[in-house]
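**Q** Provide a 3D model corresponding to the input given below.
(2 chains)
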Amino acid sequence: MALAETPMQRERAQTIFEKSKPGRRAAALPDAEVPEPPLAELIPGHLLRTEPPRLPEVAEPEIVRHYNRLSRRNFDLDSGFYPLGSCTMKHNPRLNERVAALPGHARLHPAQEPKRAQGALELMWLLQRSLAEICGLPHVSLQPSAGSHGELAGLLLTRAFHADRGEVRTKVLAPDTSHGTNPASVTMAGYEIVKVATDSGGGVEMDDLRAKVDDEVACLMLTNPNTLGLFDENIAEIAGLIHGAGGTLYYDGANLNAVMGHSRPGEMGFDIVHVNLHKSFSQPHGGGGPGAGPIAVSDRIEPFLPCPQVVRRAGDNGHGPFFDLDCERPKSIGRLRGFQGNFGVFVRSYAYILSLGGDGLREASETAVLNANYLKARLAEGRAGKHLPVAFDRHCMHEFVLSGKPMKRELGIATLDLAKRLLDFGFHPPTVYFPLLVDEALMIEPTETETKESLDAFAEAIDRILAEAEADPEKAKHAPYTTPVRRLDEVKATRKPVVRQRL
Amino acid sequence: MSRYTSATPADRAEMLAAIGVDSAAELFGQVPEPLRLERPLALPDGLSEAEVHERLAALAARNADCEDQVCFLGAGMYDHYVPAIVDAITQRSEFLTPYTPYQPEISQGGLQAMFEFQTMMSELTALPVATAGLYEGPSSLASAGYLALGVGQGRRRFVVSRGVHPHSRETLATYSAGFDAEIEEVGLKGGVTDAAALAAAVDDRTAAVFLQSPNFLGAVEDVEALGAAAKERGALLVVAVDPMTLGVLKPPGECGADIALGEGQPLGNRLDFGGPSFGFFCGTEELIRKLPGRIAGETDDLDGRRGFVLALQTREQHIRREKATHNICTAQALNALAATIHLAWLGREGFRELGELLVRRTAYARERLAAVPGVELLHGRPVARELALRLDAPVERVLERCAERGIAAGYPLAREYPEYADALLVAITERRSKAQIDDLADALGAAISAEGGTFVPDSDTKVPGGAE
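**A** Numbers count the residues shown, from 1 in each chain, chains lettered A, B, ... in the order given. Next up is the predicted model:
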């Protein structure tokens, strides 16, 4: 089944350790300039290392070549369409990289006293105000390091909020379509997860919700639009039910890119929102981090926010305002991490917000929704429409979900095969097998920064793959062929894990 | 067209026609009317690229960074030199812009880099298993707490040395509200963890004992001796370490640690006012299926070619949901890549040499600074890269005087340790030259003298005595 090997495949993976040779080195270090007694005179021998760690020994040219070659074995957003649902793979402006690298940001020590970090604290305060406006909630903490960290923060805030009222609640509700981080965060925060069903329109099943809401429920976690890309029209009623029972409403902001400037979680009734700065606000994903997951909260949650909190104090005697780190927060849940948060991410996201402005953010969301609906319409035609029907046939927001179930039945290829064959066509596949509710799911989020031409090309690639499968399903089943490696044995990697190089 | 989009009016018209609606507004019809924002966001209008740059540069200019000041601040993050190749490689689109490697066939670069990173961290800590990275240091320590509760069936106590970074202790306490675990803190004695108090605090309900070496006061702890109490009672020994010291200090894996973790910033990552960086997390073989976060593993493809994948995913939230070992799904991959390149650049010899350089310059600084009138050591324990001093003058005022001379003299311990209200924590990196250390000694002497501390004849002349 294999085609001719690609140049990348002829190159067998070699690690930096396998390029090591004793005596080679890259680093040139400064002279000590100070007396150099034997180390054991400074630190007792039993606290010292006997053999240095076996790091590779390679000269700089080969290090550069090694990692450049490695980089070429990655597919990336700058090289092609990346419609990974719920991940918002939008363009990463290089302006943001440039301003984040300014020494005033990049070489600012986190323990610098506030008086000498006014620019950084003002930037954080401005970002807090911007996110508060976008979310429609008055208070923001930038501290959480990622969406999952924001979720944990939100649940700990909920716990503190109820504890403050003398209440003990044990359950957290989340739809069966929720991101996997939701239930994992619920467990970490010491609650029991209770799943809520999805109705025929893709929203929360109201009867099921009513049956499950009681005074043991601490919180309902939702994303809106949800992971099916659909706005839950019952959100006001849902909020009423949860609030009526004394619970909090948590907004998983993974899908915020659909509604910026159009609708705000605060007005929907949410108490706590996390924002993925690496999704809606253009922080590059870096192959799996860094990101940041600031949270915006309502007045009743504010006293419990993590510390420190960036605040603006009125200046005295004609001085301008003073930006400070506030740690005097007696009801605070405390710290979630070291120092102030992922400041470098804040710089990039604030630069993005300044670049777009309020109108630009609104238009970005509108175009994201337009692109998603257009691609959905293109994929409703022809072979895709026949073999890959949309899971819920209505206008979507920024993403939509197709089901590969008919394709599997009719053509004998699974969603995984389609995804792998897409790699040969130069596309990153959509998110697959999520949400769990849809059989053989493909979750597609094009984002606003893609051209119509990219969307058309993707729809054509899907059509060609389906046409090919009609003639010869084996082709997709053994795909990909052109990538640096072909399908990998993931079972082996879990049964007999080899997670470091033997030296 | 808004910035970074490309749908022309003609494109829009065609797209709307294909969808079968007249306007994009119709697509938002699913948002109930009362929930539609009927006014523009109260944010400024978008700016040109040049204007955004100017705005951000103006903010940056109001910070005193390590190019404006000679920086002796540490306390967990350090002003190390980041080699040029780190920037060049981490800014490549192929590393900067992909998502998590869910499609391994087109993510071999990132996955192999993770595998190399894991190997390096495993070497540094002398523990067999390393993960691909967590958010940062303090939350990694809190995650070790969560792991320990899962391992130590029914054990719900943590014993934590007061020498552990205050941010780590606070984060563990925050997380513990969810875990329903109790924390007992063990104090310091003569600069290091009080061994007798630690042994007394560990009992059969203790899930984990947390130490840090060097501790927050810069002192190298005898982890092996302290950890014996944890071993005897069957608690996990969790040790936070500064990776830059592991070229010279005995690694946690040789001291009986079950888990070694820490803040990764010193390895190839810039200060960034505190983040993003990464946390590293290493453990014993027995813990491999309990670890938090991503782990890359080696395997083969269909044709028998060597390749890498995310291994042990059955621990993770996207598979296991509420039964996952953790909720984390970021690996701080780009920051871990920076560390990998930095460590490759340092190499086996360079990494050890850098560690030795730090120890020797720190020893010099300690001797030089302790000789300044009005300065004495907070403790006499061995140090590797950071030292604690007591000042015979108000620390904040001394710091202000040093700052006026362009020196960030250190971290006032009073911020976190009221019992050391007169103390200053001074950090050394390879960027702090002997001349800068001498300048710091002068500045401290002059400042203490000016604040009415110990008498010095002339604040502008060199302090007599010193190290030589």
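**Q** what residues sit buried inside the lowest-mean-pLDDT helix or strand in chain A?
**A** Least confident element among the helices and strands of chain A, by mean pLDDT, DSSP states H and E: helix A:7-10 (a mean of 80). With burial defined by 16 or more other C-beta atoms under 10 Å in any protein chain shown, the residues of helix A:7-10 counted as buried are residue A:9. In this view, the C-beta of every residue, glycine as well, is placed from N, C-alpha and C.
**Q** what does that helix contact?
**A** Helix A:7-10 has contacts (C-beta atoms under 8 Å, 6 or more residues apart in numbering or on different chains) with A:72-73, A:483-485, B:303, B:305.
**Q** secondary structure class of residue B:387, three-state.
**A** Three-state call for residue B:387 (DSSP: H, G, I helix; E, B strand; the rest coil): strand.
**Q** list the contacts of it.
**A** Contacts for residue B:387 (C-beta under 8 Å, 6+ apart) come out as B:218, B:362, B:365-366, B:369, B:377, B:425-426, B:428.
**Q** any idea how far the least confident helix or strand of chain A is from the middle of the chain?
**A** Centroid separation for helix A:7-10 versus its chain: 32 Å, with C-alpha atoms, centre = their mean, to the nearest Å.
**Q** check stretch A:218-230 too.
**A** 15 Å.
**Q** contact partners of the following helix or strand past the least confident helix or strand of chain A?
**A** Per DSSP states H and E, the first helix or strand lying C-terminal to helix A:7-10 is helix A:60-71. If you take C-beta under 8 Å, 6+ apart as the criterion, helix A:60-71 is touched by A:11, A:16, A:19, A:24, A:26, A:58, B:85, B:88-89, B:92, B:94-95, B:108-109, B:112-113, B:337, B:341, B:344-345.
**Q** go again using 6 Å as the cut-off
**A** When contacts are defined by C-beta atoms under 6 Å, 6 or more residues apart in numbering or on different chains, helix A:60-71 is touched by residues A:16, A:19, A:26, B:85, B:89, B:92, B:94-95, B:109, B:112, B:344.
**Q** what about residue B:371, how many residues close to it?
**A** Residue crowding around residue B:371 was assessed by other C-beta atoms under 10 Å in any protein chain shown; the count is 17.
**Q** distance-wise, check it relative to residue B:365.
**A** Residue B:371 sits 11 Å away from residue B:365, taking C-beta to C-beta, to the nearest Å as the criterion.
**Q** what's the pLDDT at residue 4?
**A** Went with chain A since none was named. At residue A:4, the model reports a pLDDT of 75.
**Q** meant chain B, my bad for not saying
**A** At residue B:4 the predicted local confidence, pLDDT, stands at 95.
**Q** and it, that's in a helix?
**A** No: looking at residue B:4 with three-state DSSP, it is coil, so not inside a helix.
**Q** go ahead and confirm it touches residue A:449.
**A** Yes: here residue B:4 reaches residue A:449: they are 5.0 Å apart, a contact under C-beta atoms under 6 Å.
**Q** more neighbours: which of these two?
**A** When neighbours are counted by other C-beta under 10 Å, residue B:4 and residue A:449 differ, and residue A:449 comes out ahead with 24 against 19.
**Q** and the residue lying closest to residue B:198 once chain neighbours are set aside, how many neighbours?
**A** Excluding its sequence neighbours, the residue lying closest to residue B:198 (C-beta to C-beta, 6 or more residues apart in numbering or on different chains) is residue B:186, at 4.7 Å. By other C-beta under 10 Å, the residues close to residue B:186 number 26.
**Q** over to residue A:215?
**A** Residues near residue A:215, counting by other C-beta under 10 Å, number 11.
**Q** what score does it have for pLDDT?
**A** At residue A:215, the model reports a pLDDT of 96.
**Q** tell me how far it lies from chain B.
**A** With distances taken as C-beta to the nearest C-beta, to the nearest Å, residue A:215 is found 20 Å from chain B.
**Q** ditto for residue A:102
**A** In terms of C-beta to the nearest C-beta, residue A:102 sits 4 Å off from chain B.
**Q** list only buried entries from the contacts of helix A:60-71.
**A** Taking 16+ other C-beta under 10 Å as the criterion, what is buried in these is A:16, A:19, A:26, B:85, B:89, B:92, B:94-95, B:109, B:112, B:344.
**Q** now intersect those with the helices, please.
**A** Judged by DSSP state H, helices contain the following of the buried ones among the contacts of helix A:60-71: B:85, B:89, B:94-95, B:109, B:112, B:344.
**Q** for the least confident helix or strand of chain A, C-alpha coordinates in PDB please.
**A** Extracted as PDB, the C-alpha positions of helix A:7-10 are listed here (Å, rounded to 0.1, in the frame of the first residue of the first chain):
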ATOM      1  CA  PRO A   7      12.600  12.600   1.700                       C
ATOM      2  CA  MET A   8      11.500  13.100   5.300                       C
ATOM      3  CA  GLN A   9      10.700   9.400   5.700                       C
ATOM      4  CA  ARG A  10      14.100   8.400   4.400                       C
END
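**Q** chain B contacts on the stretch 351-500 of chain A?
**A** Contact residues, the stretch 351-500 of chain A versus chain B (C-beta under 6 Å from any C-beta of the partner chain): A:351, A:354-358, A:360, A:363-364, A:366-367, A:369-370, A:373-374, A:377, A:395, A:423, A:448-449, A:451-452, A:480, A:483-490, A:492-494, A:497-500.
**Q** which one of the buried ones among the contacts of helix A:60-71 is nearest to residue A:287?
**A** Each of the buried ones among the contacts of helix A:60-71 was scored against residue A:287 by C-beta to C-beta, and residue B:95 proved nearest at 5.9 Å.
**Q** with adjacent residues omitted, what lies nearest to whatever residue of the stretch 1-150 of chain B ends up closest to chain A?
**A** Per C-beta to the nearest C-beta, residue B:60 is where the stretch 1-150 of chain B lies closest to chain A, at 2.7 Å. Among residues not flanking residue B:60 along the chain, residue A:104 sits closest, at 2.7 Å (C-beta to C-beta, 6+ apart).
**Q** perfect, I'm done here.
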